[in-house]
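Chemist: Okay, sequence plus prediction incoming.
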Amino acid sequence: MSTTPPRQLLQAMFNAAVEAAQPAHCVPPHLPPAPRGRLIVIGAGKASAAMARAVEDNWPGPLSGLVVTRYGYAVPCERVGIVEAAHPVPDAAGMDAARRILALVGGLSADDTVLCLISGGGSALMALPLLGVTLEDKQALNRELLKSGASIGEMNCVRRHLSAVKGGRLAAACFPAKVVTLLISDVPGDRPSDIASGPTVGDASTCDDALAIVRRYGIVLPERIRAVLESGRGESIKPDDARLANTQTHLIATPQMALEAAAQVARAAGVTPHILGDSIEGEARDVGKVMAGIALQVAQRGQPFTPPCVLLSGGETTVTVRGDGRGGRNVEFLLALGVALDGQAATHALAGDTDGVDGLEEIAGAYLAPDTLQRAWARGLRPKDSLDNNDGHGFFQALGDSVVTGPTLTNVNDFRAILITDAPA
């Protein structure tokens, strides 16, 4: 193993994961051939502006369009308009952008091509409620879903059936033009229908499925939303719809690709990487406990892996909010991991969201060291109390262990790395 300090090595792995998903690298190889007619560029997500810039830099002919990204994630473009909107709870700017995007793709011909640039966050950023549902209704529902513990797939199922653009509706609006969608995946399993709630892909789920999810988590629906779902008016575009026949979808960056890039950094440092999964879901604190159990077996028994090694994983955990702290799923995972490891020697970890924002904070994640709990107690912090209060950001920020990247302009979900440096005695 190299002499690189553990924190520096973990940060290098995280940086490599983010870099692997940068639009400048992954967009150009997937650009479509020039159409006989117009090229219209549309899109939504935290990476959409950077994706649009990559298209402009590599497209030789004329183009025009509009994409919507998160506040602070805009990238200057000359021919594609950039709108900033709110995430994770939608706002009026995102709703207006969705209307403008629908207007752009209306009236196209079969000679035209729509290039749709979709990345994580697009579901909230391009929010246009179905007729009969208000923005306020969707905002309230989004807040309830975010704190319910529902998986991203479950949340997006509900969203697809309340939107005028999600669940294939945007692709249907483009008909008869050709639609080419480039996806940067931020969802476990890389299912296109779940990335930004699938605006350009068919959706096999139903309004009844959405209602079942709402009942499962005890969410009280506004009457207008319940009426849309119970009446079937919110039914999405199905995969066999004729309007989707001339569509193509390409996954251009995924969590697995990001983890493999991090693994290369580990190997170069003389550390054996083990990718445990790119689509791990569940309560963040529960995943932290399980990962701690694996790490302890490695550190204390040399099983199932021999140190020095790093355990890599991705996916999207959830947090059922019970406290009033400043939390996010990555720092919740990391704090639960630290409590379970209980100061295990030679074991370090970093967890962060590859978009640079964990929860509602402009903080990507945090770093955990063997002495983290000891330093916390010395400052009067009680790790278990911080965990119970969902206050991961407050905990790690007080120790100077937050990982702050600023907007990364991409999003391939969560990154988790547990580094065990020494073999058991």
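Modeler: Perfect, I can see it now.

Chemist: where do the helices sit along the stretch 151-300 of the chain?
Modeler: For the stretch 151-300 of the chain, the helices defined by DSSP state H, counting those that start in this stretch occupy 152-160, 169-174, 207-216, 223-231, 255-268, 284-301.

Chemist: These into a markdown table, with extra columns for distance to Asp111?
Modeler: The way it works is simple: take the backbone N, C-alpha and C, and place the C-beta from them, glycine included. Shown next, in a markdown table, are the helices of the stretch 151-300 of the chain (distance: least, C-beta to C-beta, whole Å):
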| stretch | distance to Asp111 |
| --- | --- |
| helix 152-160 | 30 |
| helix 169-174 | 13 |
| helix 207-216 | 36 |
| helix 223-231 | 36 |
| helix 255-268 | 34 |
| helix 284-301 | 49 |
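
Chemist: could those be laid out in CSV, adding mean neighbour count, mean pLDDT and distance to His25?
Modeler: Below are the helices of the stretch 151-300 of the chain laid out as CSV (neighbours: other C-beta atoms under 10 Å; pLDDT from 0 to 100; distance: least, C-beta to C-beta, whole Å):
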stretch, mean neighbour count, mean pLDDT, distance to His25
helix 152-160, 25, 90, 25
helix 169-174, 24, 98, 26
helix 207-216, 17, 96, 36
helix 223-231, 16, 93, 40
helix 255-268, 20, 98, 10
helix 284-301, 19, 98, 29
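
Chemist: closest one to Ala49 among these?
Modeler: With C-beta to C-beta as the measure, helix 169-174 is the member of the helices of the stretch 151-300 of the chain nearest Ala49 (17.9 Å).

Chemist: Other residues contacting the closest one?
Modeler: Identification of contacts with helix 169-174 by C-beta atoms under 8 Å, 6 or more residues apart in numbering yields 42, 101-102, 105-106, 108, 114, 116, 163, 165, 179, 181, 199-201, 236-237, 241, 243-244, 247.

Chemist: sorry, back to before: which among the helices of the stretch 151-300 of the chain is found nearest to Met126?
Modeler: Nearest to Met126, of the helices of the stretch 151-300 of the chain and by C-beta to C-beta, is helix 169-174 at 8.1 Å.

Chemist: could I get that closest one in PDB with only the CA atoms?
Modeler: Output in PDB follows, covering the C-alpha atoms of helix 169-174 (Å, rounded to 0.1, in the frame of the first residue of the first chain):
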ATOM      1  CA  ARG A 169     -45.600  12.200 -21.800                       C
ATOM      2  CA  LEU A 170     -42.700  14.400 -23.000                       C
ATOM      3  CA  ALA A 171     -41.800  11.900 -25.800                       C
ATOM      4  CA  ALA A 172     -45.400  11.600 -26.800                       C
ATOM      5  CA  ALA A 173     -45.500  15.400 -27.200                       C
ATOM      6  CA  CYS A 174     -42.400  15.300 -29.500                       C
END
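
Chemist: how about Gly365, phi and psi?
Modeler: The phi and psi values for Gly365, taken as degrees, to the nearest 10, are phi 170, psi -140.

Chemist: if you skip the residues just before and after it, what's nearest to it?
Modeler: Nearest non-adjacent residue to Gly365, counting by C-beta to C-beta, 6 or more residues apart in numbering: Gly352, 2.8 Å away.

Chemist: tell me the SS of the one you found?
Modeler: Here Gly352 is recorded as strand under DSSP: H, G, I helix; E, B strand; the rest coil.

Chemist: And for Ala336?
Modeler: Classified using three-state DSSP, Ala336 is helix.

Chemist: and it, what is it in contact with?
Modeler: Applying C-beta under 8 Å, 6+ apart to Ala336 gives the contacts 284-289, 292, 387.

Chemist: And it, how far from Lys384?
Modeler: Distance from Ala336 to Lys384, counting by C-beta to C-beta, to the nearest Å: 10 Å.

Chemist: so where's this structure uncertain?
Modeler: 1-2, 425 (pLDDT under 70).

Chemist: Domains of it: list them as residue ranges, please.
Modeler: If you go by automatic domain parsing, the domain ranges for the chain are 6-17+256-420, 31-253.

Chemist: can I assume Asn389 is in contact with Arg326?
Modeler: No: using C-beta atoms under 8 Å, Asn389 makes no contact with Arg326, being 9.3 Å away.

Chemist: Good, we can wrap up now.
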